[in-house]
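In: Predicted model follows, preceded by the sequence.
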Amino acid sequence: MDLRSPALNHFLDQWLDEDLGRGDLTGSALGDRHGSAYWIAKQSGVFCGGTLVERIFQRLDRLVKTKLLVSDGKELTKGQRILELSGPAAALVAGERTALNLAMRLSGIATATAALVAELKGTEIQISDTRKTTPGLRLFEKY
């Protein structure tokens, strides 16, 4: 996936706009406060979407810093810290749902795909991608 693609920014902006609508009341109440957060894996699997999470928070506020502790495509274990965020609290709160939803969906696909690849190891069968993707999410699900 080309992370400089105008289509990528369009999707991210559209999702943030859909989620935030006319604004985020919690974020507004936080004012100029700064904060930090981290994500912990609820179960073992394969992580995917970290680079997109970074982009989501950058679309909201360039002062948000994201530290990826697990790279896309890497296995993680239940309870493992995945990433750390810091910056304006309003941006952290505003982006968390969109970022989490996207990373959870992509990580689920990556985890299921890794399980199939492992099951077929030692055979001549190879996994290929498909056209059967969710409308509007093809770029991300194929990633």
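Out: Okay, I see it.

In: Off-centre distance for the lengthiest helix in the chain?
Out: Ranked by number of residues, the top helix in the chain under DSSP state H is helix 89-120. Mean-position distance between helix 89-120 and its chain equals 5 Å (C-alpha atoms, centre = their mean, to the nearest Å).

In: let's number from 671 now, not from 1
Out: Sure, I'll start counting at 671 from here, so that last one is helix 759-790.

In: Counting by contacts, list what it packs against.
Out: helix 676-690, helix 695-700, strand 704-710, strand 715-716, helix 720-730, helix 808-812 (3 or more C-beta pairs under 8 Å, 6 or more residues apart in numbering; DSSP states H and E). No exception for glycine: its C-beta is placed from N, CA and C like everyone else's.

In: Out of the ones you listed, which is closest to residue 763?
Out: Between residue 763 and the helices and strands packed on helix 759-790, the shortest gap by C-beta to C-beta is with helix 695-700, which sits at 4.8 Å.

In: So which residues make contact with the closest one?
Out: 759, 760, 761, 763, 764 (C-beta atoms under 8 Å, 6 or more residues apart in numbering).

In: Alright, calling it a day.
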